[in-house]
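In: My questions concern the predicted model and sequence given below.
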Amino acid sequence: MNEYIENTAEHHRGSNHPDGQLRVEYVVPSVEEYRALRKEAGLTQITEEAAAKGLPNSLFAVTLRIGQELIGMGRVSGDGGVFFLVTDIAVKPSHQGKGYGRKLMEEIMAYLKREVPAGSFATLIADKPADRLYAQFGFQLTSPGSEGMYWRQPGGV
């Protein structure tokens with residue numbers, strides 16, 4: 001696992017939740033929590049095998065919790081030098097519209113500004129309408145100069 005994630009378990013009180021008990025942690029969630037949050041948030045389902053392989057290889061991860069409940073998360077993966085991929089931005093539907101997606105992106109942008117070398121790229125695939133949130137943080141469409149593409153292994157969940 002990335003040393004930054006292992007060695008940072010900072011906690012912050014947030015003001016977006018009525019009881020002020022929002023905790024921001026710089027750790028990857030468990031495989032079970034990750035898969036459950038993705039499902040509840042309507043993201044593509046990931047197999048247990050894929051999650052177990054991928055999560056420990058995160059360059060950066062941020063989770064939001066109220067009490068013990070995981071309500072949101074985001075990650076950055078990539079090679080750590082040239083390419084950085086912002087992924088897994090997810091907030092439970094019952095907590096959406098409260099600024100938690102923005103909070104996740106603020107934490108991710110702080111990491112990117114600190115760690116991405118000059119001239120390197122941070123990319124993401126934006127589901128609509130979340131593209132509007134990412135644009136507020138300086139992310140731009142690649143078209144018409146280039147188009148984002150993907151390939152997915154058949155099967156899975």
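Out: Sure, I can see it. It should be emphasised that the depicted structure is a prediction, and the values quoted were computed from it without experimental measurement.

In: switch to C-alpha atoms for all contacts and neighbour counts from now on
Out: Fine.

In: Scan this protein for its longest helix.
Out: Taking DSSP state H as the criterion, the chain has its longest helix at helix 100-115.

In: now for it, which elements pack on it?
Out: Helices and strands touching helix 100-115, by 3 or more CA pairs under 8 Å, 6 or more residues apart in numbering; DSSP states H and E, are strand 60-66, strand 69-78, strand 83-91.

In: Just after it, pick out the following helix or strand.
Out: strand 121-123 (DSSP states H and E).

In: for this protein, which residue is closest to the average position?
Out: With distances taken as CA atoms, centre = their mean, residue 74 lies nearest the centre of the chain, 1.6 Å away.

In: okay, that one: pLDDT?
Out: Per-residue confidence (pLDDT) for residue 74: 98.

In: so who does the nearest residue to it once chain neighbours are set aside touch?
Out: In space, and not counting its chain neighbours, residue 74 is closest to residue 89: 4.3 Å by CA to CA, 6 or more residues apart in numbering. Contacts for residue 89 were tallied using CA atoms under 8 Å, 6 or more residues apart in numbering; they are 72-75, 101, 104.

In: between the residues you listed, which has the most around it?
Out: Neighbour tally across the contacts of residue 89 (other CA atoms under 10 Å): the maximum, 30 neighbours, falls on residue 73.

In: isn't it right up against residue 64?
Out: Yes: contact criterion CA atoms under 8 Å: residue 73 and residue 64 qualify, at 6.0 Å.

In: Give me the helix or strand of the protein that scores worst on average pLDDT.
Out: Scoring the helices and strands of the chain by mean pLDDT, DSSP states H and E places helix 3-6 at the bottom, with a mean of 41.
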